[in-house]
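Trainee: Just to be clear, the model below is a prediction. Sequence and coordinates:
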Amino acid sequence: MSNIQPSTVLPGLRFKQRFPLLSLIIERFLLSLVLLFAVSVLIFGGLEALPGDFATTYLGQSATPQAVANIRTELGLNRPVTTRYFEWLGNAVRGDFGTSWASKNSVSEQIGKRLGNSLFLAACAAVISVPLAVGLGMLAVHFRNRLPDKIINVISLAAISLPEFFIGYLLILFFGVKFGIATFPATVYDGMDFIDRLKAIALPTATLVLVVLAHMMRMTRAAILSVMSSAYMETAELKGLSAFRAIVKHAAPNALAPIINVVALNLAYLIVGVVVVEVVFVYPGMGQYMVDAVTVRDMPVVQACGLIFAAVYILLNMVADILAIVANPRLRHPR
Amino acid sequence: MKDYTKHLASRVTSGGLSRREFMGRAMAAGMTLALADQLFTESAVAAEPKRGGHLKLGLEGGAATDSKDPAKFLSQFMFCVGRCWGDMLVESHPLTGAAVPALAESWEPSKDAVTWTFKIRKGVKFHNGKDLTIDDVVATLKRHTDSKSESGALGVMKSIKDIKADGDSLVLTLTEGNADMPLLLSDYHLVIQPNGGNDDPLASIGTGPYKLVSFEPGVRATFEKNKDDWRTDRGYVDTVEIIGMNDATARIAALSSGQVHYINRVDPKTVDLLKRAPNVEILSTAGRGHYVFIMHCTTAPFDNNDLRLALKYAMDRETMVKKILGGYGKVGNDFPINSTYALFPEGIEQRVYDPDKAAFHYKKSGHDGSVLLRTSEVAFPGAVDAAVLYQESCKKAGINIEVKREPGDGYWTNVWNVQPFSTSYWGGRPTQDQMYSTAYLSTADWNDTRFKRPDFDKLLLQARSELDEAKRKELYRAMAMMVRDEGGVILPMFNDFVNASTKQVKGYVHDIGNDMSNGYVATRVWLES
């Protein structure tokens, strides 16, 4: 790269040279936007292709052709798809997701509440599970192939093998029904104070922690172990560092990239993938909201949820990529 | 008779019947004065309704898409919510299903049952303090009959030609005579709202026993007692909380841990397990809902009545009730009416499983090869199992049924009322006329068996405007026979409404009208401490 004279370099390229990290981030960001746009087309197209439409599904057996026709006209379902798509996209960009066809409530407002609930639950689960997973992972490496490692492995494998609804039911059975020490159902609502809210989400949080813990823990363990076999770890050992110090100071930083990736993936899951847990615990989050809407083909809601879910996934993946680049000096300067 | 007096006694207990009314009815049912008097005192003392407390219901059926507009009530959740805050003009009697006064005090038909005059109750206040007037009633009915309306009651109301006020009375003019008009007004969509709800359909202001305090669609609704309620025989608890719980296991867990007092939709498969919980009571009520196997009478091979009969005889109804409903139901007789309807045609022979007769009719039909039956879990709970059971019972008659399991999503759009042989369900209707008009009249929108018979239509219209009950009963009997022997519906069972409560809940009324004590559960029960 040093062979190229600065004067002959295009302005864009010069920027890229001078701020390699920043330009990488910008590139990733633009790519994410393109991706999000593509997803919006997919969501809209996919929903159009779904069998049945809102009018008939919503009214169900009590529908009369008259009522069905009334609803179709009112919602403008007779207009062409492309017109409706660009109208929707234009509004969505400005943060207006329209009103729900079924309840006539503002979708943005409803999502504000629901997303808040989902984020709250996800955040609580993340705050507990991420440090716990990384810590346990390091512990497992430290005691690898000895009893603590085996115990951690067996328990995490058991937790990952059970479907989440089953873990949920078990927790409800023991802590809700048998001992009666936990709050169930985990319904939260406006005006609930913070302590009650925390109590209400104790069981779903515990379920989520158990569900995502194993994945992150095992990835941490594997990543650190693979680093441990490299030459510089041998050096560290030879120069007399304690095993734990060697793991924390030398192995862990170099294993960060894969750990960050798996953590990001699990965080995304905590926000967008917990429908079953929400249903089991009667928790009013985004997943439940979207499922209800899909059932009656309430398009504005489904589209908004789909777009937000996609955005969360893309954002977290982007952050993970960027952090991985930051963590790894070699990736910072692409050749 | 014993059941009837028991019911009367329970209504005394729940405060629904005054002494005078009770004595009158008990004696009419053949009781002596002294006995009736004693029974009244006993039941009045035995379980005097207790006031106060916070009632929590965990109900299936709520969704984030629920609307507070009564015209758009669809889910079980909203059905129950609406019954808490609103009143209709007419209610149905919990035991007999007959029309009883609510916001309309009394009514009078013209001789041909075309014009109906309803006297509107005085001294009733809406939650916002406004008096109920005849204008509110007229506006409400007009909103639900407007052809541009999205009201769920539009189908029920389309026979009303004119709605007007005559002093303090409501006068309805119908397109044709209808002896059941008062009952139709008990439809749960027809909540009387101030100015008919035209100003703000979502305001949830009514005349009911509870005022809506907070509402989050699909999540939770809370109520407080309406201090100015015009009735004293309801609304015993101070506050009501209805929580949406769509997961069956979650409902059961919430009930058995005492977090809620009442749940709906108990799965027949797990009801025996739930029964073992010490503080739980199973509340099973006979209802009008039924599960059906529907054949299109106009599509080959189902256009052959012998094939239809063969398929009817090949249905093992007893086993269906036992296996699919867990015993919580009654066998059907291939017509959509059971004894919970007023004017039920008694004495029609029960059709039973008869492989020989099935084989005979099957041979006579000339059809061979397999018959394709489409089903899905959403058709009714256990529909796929029911289809497989049916396949087995058909096998013994030499009929080969091919069961195709369809995705639940889109089942009501793509399979039901489209494909010639499928599984489905019907909820009950307040009257026989309405049930037949919805699904068996030639021109009915949801004639899902393609049963098109001018002679049947004629009987239906004749019965509709007939005010003489004995004559009507005869007509309904003829119609039932026609559907049973020539129709396209195989009706193996009527499902009970299976709900459950904690033992704290008292005064539950087993209402034959609809599920959850016809939606009135929160307004009728009280809590024993």
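Mentor: Great, that's in hand. Numbers count the residues shown, from 1 in each chain, chains lettered A, B, ... in the order given.
Trainee: which residues does the residue of the stretch 101-250 of chain A found nearest chain B contact?
Mentor: Closest contact between the stretch 101-250 of chain A and chain B, by Cβ to the nearest Cβ, is at residue A:102 (3.4 Å). No exception for glycine: its C-beta is placed from N, CA and C like everyone else's. Each residue near residue A:102 by Cβ atoms under 8 Å, 6 or more residues apart in numbering or on different chains is listed here: A:54, A:58, A:293, A:296, A:298, A:301, B:63, B:65, B:66, B:67, B:72.
Trainee: Let's see that with 10 Å instead.
Mentor: By Cβ atoms under 10 Å, 6 or more residues apart in numbering or on different chains, the contact set of residue A:102 is A:54, A:57-58, A:292-293, A:295-298, A:300-301, B:63-67, B:72, B:74, B:217.
Trainee: Could you do residue B:322 as well?
Mentor: B:316, B:329, B:331, B:493.
Trainee: gap between the residue lying closest to the residue of the stretch 101-250 of chain A closest to chain B once chain neighbours are set aside and residue A:65?
Mentor: Counting by Cβ to Cβ, 6 or more residues apart in numbering or on different chains, residue A:102 lies nearest to residue B:65, which is 3.4 Å off, once chain neighbours are set aside. Separation of residue B:65 from residue A:65 (Cβ to Cβ, to the nearest Å) stands at 22 Å.
Trainee: ok, those two, which is more surrounded?
Mentor: residue B:65 (28 against 11; other Cβ atoms under 10 Å in any protein chain shown).
Trainee: so the more buried one makes contact with residue B:77?
Mentor: No. Assessed by Cβ atoms under 10 Å, residue B:65 is found out of contact with residue B:77, at 11.0 Å.
Trainee: list the residues that contact both of these two?
Mentor: Contact criterion Cβ under 10 Å, 6+ apart; residues shared by residue B:65 and residue B:77: B:217, B:218.
Trainee: where does the stretch 151-300 of chain B have low pLDDT?
Mentor: By pLDDT under 70, the stretch 151-300 of chain B contains no weakly predicted segment.
Trainee: Can you give me the distance of residue B:338 to residue B:522?
Mentor: 27 Å.
Trainee: If you could redo that for residue A:254, that was the one I meant.
Mentor: Distance from residue A:254 to residue B:522, counting by Cβ to Cβ: 62 Å.
Trainee: The two: which has the busier surroundings?
Mentor: residue B:522 (30 against 17).
Trainee: Now that one: which helix or strand?
Mentor: Taking DSSP states H and E as the definition, residue B:522 sits inside helix B:521-524.
Trainee: mean confidence score for that helix?
Mentor: Across helix B:521-524, pLDDT averages out at 96.
Trainee: Could you check how far it is from the centre of its chain?
Mentor: 16 Å (Cα atoms, centre = their mean, to the nearest Å).
Trainee: And for stretch B:408-421?
Mentor: 23 Å.
Trainee: next one: stretch A:111-122
Mentor: With Cα atoms, centre = their mean, you get 12 Å for stretch A:111-122.
Trainee: Output that stretch in CSV with nothing but the alpha carbons.
Mentor: Taking C-alpha atoms only, stretch A:111-122 is exported to CSV below (Å, rounded to 0.1, in the frame of the first residue of the first chain):
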residue,chain,number,x,y,z
ILE,A,111,-44.6,-1.6,19.7
GLY,A,112,-43.1,1.0,21.9
LYS,A,113,-44.6,-0.7,24.9
ARG,A,114,-44.1,-4.3,23.7
LEU,A,115,-40.5,-3.7,22.6
GLY,A,116,-39.8,-2.0,25.9
ASN,A,117,-41.1,-5.2,27.7
SER,A,118,-39.1,-7.5,25.4
LEU,A,119,-35.9,-5.4,25.8
PHE,A,120,-36.4,-5.3,29.6
LEU,A,121,-36.6,-9.1,29.8
ALA,A,122,-33.7,-9.6,27.4
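Trainee: is any part of it close to chain B?
Mentor: Yes. Looking at stretch A:111-122 against chain B by Cβ under 10 Å from any Cβ of the partner chain, the contacts come from A:113, A:114, A:117.
Trainee: Likewise for stretch A:282-299?
Mentor: Yes. Residues of stretch A:282-299 contacting chain B under Cβ under 10 Å from any Cβ: A:282-284, A:286, A:288-298.
Trainee: can you check stretch A:156-175 too?
Mentor: Yes. Using Cβ under 10 Å from any Cβ, stretch A:156-175 comes into contact with chain B via A:165, A:168, A:169, A:172, A:173, A:175.
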